[in-house]
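**Student:** After the sequence you'll find the predicted model.
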2 protein chains.
Amino acid sequence: MYTSPVDDILFTLKHIAGLDGDASIDADIVEAVVWEAGRFCDATIAPAAARGDKEGSRLANGEVRSPTGWPEIYRAWAAAGWNGLAAPMEAGGQGLPHRLQIAAMEIWNGGSMAFALAPMLTAGAAEALAAHGSDALKARFLPKMVSGEWTGTMNLTEPHAGSDLGTLRTRAERRDDGTYRIFGQKIYITWGEHDFTDNIVHLVLARLADAPEGTRGISLFLVPKFIVNEDETLGARNDLFCHSIEEKLGIHASPTCTMIYGDGRFGAEAGAVGYLIGEENRGLACMFTMMNNARLAVGAQGVAMAEAATQGALAYARERRQGKAPGADLGATAASPIIDHPDIARTLLTMKALTQGSRAITYLCAEAVDRAHEAEGDEKRHWQDRAALLTPIAKSFPTDVGVEVASLGIQVHGGMGFVEETGAARLLRDARIAPIYEGTNGIQAIDLVTRKLPLGDGAHVHGLIAELSAIAKAVPAADGGTGAWGETAARLDKAIGELETTTQWLQSALAGGHLAQALAGATAYQRLFGLVLSGALLAKGAAVAVDDGRRPQRIALARFLSENLLGETAALADAILHGADSLEAARIALN
Amino acid sequence: MYTSPVDDILFTLKHIAGLDGDASIDADIVEAVVWEAGRFCDATIAPAAARGDKEGSRLANGEVRSPTGWPEIYRAWAAAGWNGLAAPMEAGGQGLPHRLQIAAMEIWNGGSMAFALAPMLTAGAAEALAAHGSDALKARFLPKMVSGEWTGTMNLTEPHAGSDLGTLRTRAERRDDGTYRIFGQKIYITWGEHDFTDNIVHLVLARLADAPEGTRGISLFLVPKFIVNEDETLGARNDLFCHSIEEKLGIHASPTCTMIYGDGRFGAEAGAVGYLIGEENRGLACMFTMMNNARLAVGAQGVAMAEAATQGALAYARERRQGKAPGADLGATAASPIIDHPDIARTLLTMKALTQGSRAITYLCAEAVDRAHEAEGDEKRHWQDRAALLTPIAKSFPTDVGVEVASLGIQVHGGMGFVEETGAARLLRDARIAPIYEGTNGIQAIDLVTRKLPLGDGAHVHGLIAELSAIAKAVPAADGGTGAWGETAARLDKAIGELETTTQWLQSALAGGHLAQALAGATAYQRLFGLVLSGALLAKGAAVAVDDGRRPQRIALARFLSENLLGETAALADAILHGADSLEAARIALN
C-alpha cells in the first residue's frame, strides 16, 4: 500500500526547490500542509484506488456514476479545504506557494491518479477564470470552484483537433444579452460529467463565425452544467450533456467524456449558454495560462506513479525470496530476498533515482512559478523564462519516467506484477496517459527546442546550465575525503558539457533555418536535459548537510545516478548531433 | 488491422537465418508455409483478437469458457495442420525446420498473442514428451498433441517457487502399477483448462517423498485431464481441476489457471494419475528441453507485438493530420500527416529498426537450433553452444523491445492510443508478460553471463563476435560509393568493440570469483548484446543484393539503427565496466 513520501517531498521542497529559508512562508506551515495531505491521502484516497479502478465510472442515461464511496471521499477532501491550497485568498483560497500545490498534487496522485484528476482540472479552470474572467463572472463562479463545491473542466480537443487546436470547429454565437450559445462536440473531457458535485463548470474553446482562421480565431467560454441564478441558486440545466465515456487502458475511475454542446436536448432553444472569458479570439492565450500549470501538475502525476511503483517493488523485493544471492550465507534450501540479487537491486535503484530526479525537476519548476509570481521587473522576467524553459521538461521527463518505472515495477514483481491484484499493473495503466495528454511529450520537445531555447535571446538556457555546472563543481568540496561520491563530479561535468554542446548546436540549427534537423533530435534533447537536471539536483540535495541521518543514502543515490544512468547522455547527444541525416535518409523505409 | 509481415519474415529466414540455399528444404515450401500461415492468421485469428481480449476467458463451475468463436478457430487451425509444423514425422508432424515453426509462431502471435499461447505450450509439452517419454507413453499421447486434437501445458510454478524451482512442493507418490499419484497446487498455468479440445495433457513437475532436496529431486509427470484408455478412448476424469483464473493486465483470452492436483474431487481415491517422463529426479533436465525452445518462442512473441504495434502506428501516422511539418507546403489551414513530423518519423523508425533487429536475433537463434539438430560431432556441439548462447538474448531482447515498441505505438496514437478501441493499448497489455514468463529477463541475463559466456572454455562467444566483426568489415564494400550507408561500418565496429571488451571483462570477473560484480551488469550486457546483434544483422541483410526493390530501404534502416540507436551501447558498456561499485554502495539507499 502506497504511503505518501512526506520526508522526501519536504526535503525536495526545502533543499532543492528553495523553500528552506524562504521568508514568504513559515517552515511550520510547509511541514503541516505536507504531513496533513499525506495523512488524508493514506487514510482515505489510497485505500479507495484499487476499488475505483475495478469498478470504474459508468455512464447511464447521461449521468456518470463514480465508484462506490468516491463522491463521499471527494466531498470530505474538499470540506477539509484542500481544493484552494494555492488559490488567491481573495477568492477564498489559502494563497500558499505553488510548490505546495504541486507537492499536494503529487500526494493525491500517488493515492489515486484517477481521483486526483478531478481537482487537477478544477485548479486549472479556476486559475484561468481568476486570471482572465470578468469580476462578475468570477464573483459568480470562482468561490465555489476554489472551495471545491463545483469542479471545473478543460474542453479543448475535438476528433480532428488534438495537438493542432487551430482547426477546432465548435461554434459560438453572440446573443444580445452579452452571453453566447455554444454548439459542438468535445472529446477526452476528463471528469466532464460525474456525481461528486451538483454543478460542473466547463471551460470550452470555440470559434465565432466571424473569427479569423487558425489559432487567432479561438475564444474561451465558461459553460456551466446548470445555469447559476442571480441569487446563486442553481437554475435550469444548460444544453450540454455527456454523450459517452471512453473505455481506456487506465484511470478507469476517471470518466473521459465526449461532451455535446447545443444539440437542443435541454432548454427551449438549442445552444449551451456560455460566458466569454477574456476577449473574443484571445481564448488560446487564456487557455495557456491554465495549460502551463496543468503541464506541471501532469509532471507531478509522473512523479507520483514512479513513487508508488518504487514503493510497491521495494516492499515486494524485501519479502519475496527466490534463489541465492551472490555471497549469501544460507542453508541448503533457504533463499535470499530478491532485493539481494544485484539485478533487482540495480532495478530498484534505477527506479528510485529516476523518481527522485523527476520530483526534483518538477518542484524546481514550481519554484520558478512561485518566484515569477512574487518578483518584479527583470527578476520577474527571469523567473518567467525559467518556468517557461523548465515546463516542457517537467511535463515530459517525469511522465516518461512514470511509465518506465511502473513497467520496471511490474518486472520486479515477476508473475505477480502481471496479475491485477498487486496493483503494479494499475500503475502502468494509469501512468501511460501522462506522456500523452496536456500536449504529448513530442509536442513538449518541439516547444522546448523552438520556443524555449530562444528565451532571453538564447541566453537564458545557458544561465541555467551554468547553475548546474556550479553544482557539479561544488561536489568535490562536499566529499570530505570519504570517496563516497565516487566519480559523481566528473560524470556530472561531462553530462553538463554534452547539454551545453547540444544546446548550442540546436540554437545554431534554428538560427540557420534548419528546423527539421533541430526537431529530429528534440525528444533526445529533452531527455538529455531531464537526466542532467536529475543528476545535478540529486547531487545538490545530497551535498546539503542536514541532521536527518539520510545524507549517506542521498550521496549514494546521487552517485548511482551519475555512474549508472548518466551514461545515456552521451548516446543522446550523439543522436542529436549526428542522427538527423540518417533519420531523413531512412524515411524511405517508412514507405 | 495487423497483416502478417510475410515479406519481412521470408527475407529474414532466407538472408539472415540461412535458409537461402539451405539444401535441407525446398525454397518453395518455405514460401508456401509462410504465405499460408499469414493468410490463415489474417483471415481468421487477427480478426478475433480484439473480441477475445474484451470477452476474455471465464471460469464457471470448474469449466473455462473461451471467447465466442475461439474453439472453432482453434479447431480449424489444428485441422489445417498447423500444430505439427516442426514436430517429427514419426509422430505425425511435418518435420520442418524450427525456423519455420518460429516464423509461424510470430505470425500467430501477431494475430493474437492470447490465442498463440495454446499451441505454443502444446508444442513445448510435445517436444519434452517426444524427447524423454517412453514409447508407450508417446504412442498414447503424442499423436494427438502433434495434431492439436489435445493441447499441452507446462506446470512449473507454485506460489513460493517461481524462478527458484528447487523449492517446489507438489508431491508424487509411486503406485504398484508403475503410475504415480500427484498432489499439489500449481499457479500461472497457461491454457490450463479450456473448451478448445476434449482432453488436456499437463506436464507437471513434482517431488517424490524420498527425493533429494533442491533441483536434483524433481521429477516430470504427464497428467492428463481425462485418463486415456488402452483403446485410445477417453476414460475417467483425472483428479485435477482449475481452481481459479487470474485477472491480468493482458492476454485476457488466455486463461491463466491455478490447478489443483489430487484433492479428491474426482475419482474414488485422491491423487491425480501421473505417468513419469524420463527418470525419477531428472525432471528438470526434461523440462529444460521444452523451456529452451519455449524461450525462443516467447522471443517471437516480442517480435510479434513489436511488429503489430509498428504496423498500427505507421497506419495511424499516415492518416492522422496535425500541424505543419518543417518545410511542408500547405494551405493556411491544412495539416501534415503526422508521419511527416521529424519526432514521429524518428519514433516510427526506432520501432521498425528494433522490430526487425529482434526478428533477426530470434530467427538466427532458431537457425542454430536447426543446425544443432542436423549436425554431428564437433559441429553439433558448436551449434548447440550457439543456440545456448543466443537463447537468453533471443528471449529477452525481443520481449523488452515488444514492451518498448508497444508503448511507443501508444504514444504515436496520442489520445487514441490510450483508448482501447484502437488496439494499441492491448498490444502493450499483452506484450508486458513476455519479459516475465519462461524465466524473467533478469534470470536470462544471469544465465547469459554465468552459464553461456563460459561455453567452449569461454571461446564460443568470441567466435560469434568475430562473425559480427566480419559483417561490419564487409559494409564498406557493399556501399558502392553511394554513401547510403553513412557511418554504419564505423558505428558497428565501435559497438562490436564494446561487446568484446565487456565480454572479456565479465569473463575475467567470473574467473576471479567476482560474481556480484559480474551480475550487476548482466542486464546491461544482455541489452548491449541484443543491440549489437540487431545492428550487425540488419547490416548483413541490407548488404544482400536481391532484386526486390527494397534494398535502399534496408540500407537506410540499418544505417538509422547504427547512427541513432547504437549509441546506447557505450552507455551500457560504461555501466557494466564501472557501475558495479556505485551499485553496491547505493544499496544503503534501499533501506
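**Tutor:** Yes, it's here. Numbering: from 1, shown residues only, chains lettered A, B, ... in the order given.
**Student:** Point out where chain A drops to low pLDDT.
**Tutor:** A:332-333 (pLDDT under 70).
**Student:** In contact with the spatially most central residue of it: list those residues for me.
**Tutor:** Note on chain A: the residue nearest the mean C-alpha position is residue A:298, at 1.6 Å, using CA atoms, centre = their mean. By CB atoms under 8 Å, 6 or more residues apart in numbering or on different chains, the residues touching residue A:298 are A:395, A:399, A:434, A:437-438. Any C-beta I mention is one placed from the backbone N, CA and C, and that applies to glycine too.
**Student:** Is residue A:573 in a helix, a strand, or coil?
**Tutor:** Three-state assignment for residue A:573 (DSSP: H, G, I helix; E, B strand; the rest coil): helix.
**Student:** Which element, helix or strand, includes the spatially closest residue to it that is not a sequence neighbour?
**Tutor:** Leaving aside its sequence neighbours, residue A:573 sits nearest to residue A:498 (CB to CB, 6 or more residues apart in numbering or on different chains; 4.1 Å). Assessed by DSSP states H and E, residue A:498 sits inside helix A:488-511.
**Student:** ok, is the very next helix or strand once past that helix in contact with chain B or not?
**Tutor:** Proceeding N to C from helix A:488-511, the next assigned helix or strand is helix A:515-520, under DSSP H and E. Yes: Helix A:515-520 is in contact with chain B by CB under 8 Å from any CB of the partner chain, via A:515-516, A:519-520.
**Student:** What helices and strands are in contact with helix A:515-520?
**Tutor:** Secondary-structure packing of helix A:515-520 (3 or more CB pairs under 8 Å, 6 or more residues apart in numbering or on different chains; DSSP states H and E): helix A:488-511, helix A:580-586, helix B:342-374.
**Student:** what about 10 Å?
**Tutor:** helix A:441-447, helix A:488-511, helix A:568-578, helix A:580-586, helix B:342-374 (3 or more CB pairs under 10 Å, 6 or more residues apart in numbering or on different chains; DSSP states H and E).
**Student:** Ok, which of those helices comes nearest residue B:14?
**Tutor:** helix B:342-374 (9.9 Å; CB to CB).
**Student:** now the angle from the closest one to helix A:568-578?
**Tutor:** 110 degrees (axes from the mean of the first three to the mean of the last three CA atoms, to 10 degrees).
**Student:** which is the next helix or strand following helix B:342-374?
**Tutor:** Following helix B:342-374 toward the C-terminus (DSSP H and E): helix B:377-413.
**Student:** Can you point out the buried residues in that next one?
**Tutor:** Judged by neighbour count using 16 or more other CB atoms under 10 Å in any protein chain shown, the buried positions of helix B:377-413 are B:382-413.
**Student:** Quick check: next helix or strand after that helix?
**Tutor:** Taking DSSP H and E, what comes next after helix B:377-413 is helix B:415-418.
**Student:** After that following helix, which helix or strand is next? Please name it.
**Tutor:** That would be, after helix B:415-418 and using DSSP H and E, helix B:424-431.
**Student:** other SSEs contacting that following helix?
**Tutor:** Helix B:424-431 packs on helix A:424-431, helix B:49-55, helix B:98-111, helix B:113-132, helix B:283-319, helix B:377-413, helix B:415-418, going by 3+ CB pairs under 10 Å, 6+ apart.
**Student:** on that earlier part again, hmm, residue A:535 and the residue nearest to residue A:573 touching each other?
**Tutor:** No: between residue A:498 and residue A:535 there is no contact, the gap being 11.4 Å when judged by CB atoms under 10 Å.
**Student:** More neighbours: which of the two?
**Tutor:** residue A:535 (29 against 21; other CB atoms under 10 Å in any protein chain shown).
**Student:** Give me the distance between that one and residue A:491.
**Tutor:** Distance of residue A:535 to residue A:491, given as CB to CB, to the nearest Å: 7 Å.
**Student:** list residues touching both of these two?
**Tutor:** Common contact partners of residue A:535 and residue A:491 (CB atoms under 10 Å, 6 or more residues apart in numbering or on different chains): A:472, A:559, A:561-563, A:565-566, A:569.
**Student:** Nearest to chain B among the contacts of residue A:298?
**Tutor:** residue A:437 (6.8 Å; CB to the nearest CB).
**Student:** For residue A:251, grab phi and psi.
**Tutor:** The phi and psi values for residue A:251, taken as degrees, to the nearest 10, are phi 40, psi 50.
**Student:** Ok, the one 3 residues further on next?
**Tutor:** Listed backbone geometry of residue A:254 is phi -90, psi 110, with angles given as degrees, to the nearest 10.
**Student:** Same check on residue A:219?
**Tutor:** Phi and psi for residue A:219, reported as degrees, to the nearest 10, are phi -120, psi 160.
**Student:** Likewise for residue A:227?
**Tutor:** Main-chain torsions, residue A:227, degrees, to the nearest 10: phi -60, psi 140.
**Student:** Then the one 4 residues further on?
**Tutor:** For residue A:231, the backbone dihedrals (degrees, to the nearest 10) come out as phi -80, psi 10.
**Student:** gap between it and chain B?
**Tutor:** 40 Å (CB to the nearest CB, to the nearest Å).
**Student:** neighbours of the nearest residue to residue A:226 once chain neighbours are set aside, just the number please.
**Tutor:** Counting by CB to CB, 6+ apart, residue A:234 is the residue found nearest to residue A:226 once chain neighbours are left out, at 4.4 Å. Using other CB under 10 Å, residue A:234 is surrounded by 14 other residues.
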